Structures are given as structure tokens and as C-alpha cells.
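# next one to model:
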Amino acid sequence: MIKLLNLSIICLVLISCASEKPEGKTEAEILFKEAETLVKEERYLLATEKLNNIKNQYPYSYYATPAELMQADIFFFQESYVEAAAAYLMFKDLHPKHEKISYVVYKVAESFYRQIPETNDRDLEPAVEAIKYYQELITKYPSSEQIKDGMKKIAECKDKLKAKEKYIADFYFKTEVFDAARWRYLEILNTFEDKKLRSHSMQRIILSSYYLKDYKNCLKYSENYSSDLKSSDKKIASEYSKYCKNKL
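Numbers count the residues shown, from 1 in each chain. Below you'll find the predicted structure:
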């Protein structure tokens, strides 16, 4: 009987502790602290309910703004990166001078970065957007602690974009759509500084011109690119330059 009584007391204490509200001067503050605790416990649905209560019942309270940011973080924690990016961008637009704005810009970039597909044959627009906001972070908030990570990820995104453009141009070349291939390789030269990629593109521009029977431009590109071609690319380009010369 005593054991049952003790067990009942313990259960009552636990229930009391579980339902005890955090201290706060206002109901909005209490709701916000409850949401913070729920986020730490990864109980995101319940946390969102608390934040919605702040938004709907206390829209002009001090805690309305941090509640918006916490909701964006919840989307990010749930790996809902499209929704997270939208929420962070809305916060950025509404509160451009907020004390955590550098963090917000970083999280916008991160939300797009997390959407980048693993393969190069899919849409890489998220990489473009990620670069945009990482660069904004570096330019506007140079003292941010996320600068180093942002610079590293810009390089990763650019590598992805380079690989994507090469993949598309090579695809056109292999499928013998030489006009599209040449245009793509010319765009690569206008966009990227990578020497290996540029040499590959120059060689393919010369070859594409030959296959298009555009012998005049074949020779022109060969002359213009000669000094920048790597040895393996230069050998092939030189052969096709001779073919073009013989056709004129």
C-alpha cells in the first residue's frame, strides 16, 4: 500500500513538472520560452503551434519578431529547405536592420545550398542562389563568423556550375548538335577562368566549327586560342585547323 502511495506521489510530481509553465512577464514571453524548449526537444509541430499563437494573439509584442525567425529555423531543422529559404527571405525583407541579419543571410544561403542536387544533370539554380547570398554575407558582413564556411561553399557551388556547363556542352557535342555545342563552349569561355576547362572548350569550339563546315571561323578560333591550349588539346586542335585550311 505504501509503495503504491509513493508511486502515485511520484507520478503527480512528474505531471506537475511537465505541465509547469516557464516564467515570463507576458503570455507572449511564456509562449516563446515554451517554443524554445520544444525546439530543443525537436518537437517542432508543438513549437510551431506556440509560435502561431504569438503571431495570431500577440502580433505587436516584442516576441513576434524572434518568433518569425524561430519558425524559419524550424523549417531548416525539419530539412524543409524551400520553405526555410522563403521564411528567412521574408524575415530579411521585413527586418533588414535586425541584430541577427548576418545570420539570416547565411541561413538563406544555406537553405539554397542544401537544395543543390548531387548530380550535374539536374537543375542547379539553387547553387546560383546560394552563391548570391554567400557573396552578400561576405560583402556586407565581413566580420561574420560564417565567412570562412561561405567562401568554401561558394567554391563548391562554382565547381558544380562548371561541371554542369561542361556536361551540357559535351552532351551537344557527342550528339552532334555542333551549333549548340559551340555556343555553349563560347559561353564557358565568357564565364569561367578554370584553365583546364577553357582549354577543353577552345578545342571543342575549333572542332565544332569544322563539323559545321564553318572553316573560316575554325581557322580564326585556332589562331586566337593557340597560345592558351594545353598540349593534348593543342595537338587535336592543330590537326583540325589543317583540315579547315585545306577546305578553304
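
# against which helices or strands is the longest helix seen in the chain packed?
Criterion DSSP state H: the longest helix present in the chain is helix 147-174. Here helix 147-174 touches helix 101-113, helix 125-140, helix 178-191, helix 195-211, going by 3 or more Cβ pairs under 8 Å, 6 or more residues apart in numbering; DSSP states H and E. (Each C-beta comes from the backbone N, C-alpha and C, glycine too.)

# report pLDDT for P22.
Looking at P22, its pLDDT is 61.

# what about E129, distance to R182?
Counting by Cβ to Cβ, to the nearest Å, the separation of E129 from R182 is 29 Å.

# just want to know which of these two has more residues nearby.
R182 (25 against 20; other Cβ atoms under 10 Å).

# excluding sequence neighbours, find me the nearest residue to that one.
Take R182 and drop its neighbours on the chain: the residue closest to it by Cβ to Cβ, 6 or more residues apart in numbering is S208, 3.9 Å away.

# need the contact list for that neighbour.
F173, F178, D179, A181, R182, Y185 (Cβ atoms under 8 Å, 6 or more residues apart in numbering).

# pull the contacting residues for the first one.
The neighbourhood of F173, defined by Cβ under 8 Å, 6+ apart, consists of A181, R204, L207, S208.

# could you dump those to JSON lines with pLDDT and distance to I116?
Shown next, in JSON lines, are the contacts of F173 (pLDDT from 0 to 100; distance: Cβ to Cβ, whole Å):
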{"residue": "A181", "pLDDT": "97", "distance to I116": "25"}
{"residue": "R204", "pLDDT": "96", "distance to I116": "26"}
{"residue": "L207", "pLDDT": "96", "distance to I116": "31"}
{"residue": "S208", "pLDDT": "96", "distance to I116": "29"}
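
# I'd like to know how many residues surround N246.
8.

# tell me the SS of it?
helix (DSSP: H, G, I helix; E, B strand; the rest coil).

# and the gap between it and K216?
From N246 over to K216 the distance is 13 Å, taken as Cβ to Cβ.

# cool, and F77?
Counting by Cβ to Cβ, the gap from F77 to K216 is 60 Å.

# which regions of this protein lie under the pLDDT threshold?
Scanning the chain for pLDDT under 70 picks out the ranges 1-24.

# how close does the residue nearest in space to the middle of it sit to W183?
Using Cα atoms, centre = their mean, the residue of the chain that lies closest to the mean C-alpha position is Y113, 2.2 Å off. Using Cβ to Cβ, Y113 is found at 29 Å from W183.

# which parts of the helix or strand containing A67 are buried?
For A67, the host element (DSSP states H and E) is helix 64-77. By neighbour count on 16 or more other Cβ atoms under 10 Å, the buried set for helix 64-77 is A64, P66, A67, E68, L69, M70, Q71, A72, D73, I74, F75, F76.

# need the contact list for the fifth one.
Spelled out, that is L69. Residues in contact with L69 (Cβ under 8 Å, 6+ apart) are F91, H98, K100, V104.

# check those residues and tell me the two furthest apart.
F91 and K100 (9.0 Å; Cβ to Cβ).

# please say which of the two ends up with more neighbours.
Per other Cβ under 10 Å, whichever of F91 and K100 has more neighbours is F91, with 21 against 14.

# so what's the more buried one up against?
E68, L69, A72, H98, V104.

# quick one, the helix or strand containing it and helix 101-113 angle?
Using DSSP H and E, F91 sits in helix 81-94. Put simply, helix 81-94 runs at 150 degrees to helix 101-113, going by axes from the mean of the first three to the mean of the last three Cα atoms, to 10 degrees.

# how far out from the middle of the chain is helix 81-94?
13 Å (Cα atoms, centre = their mean, to the nearest Å).
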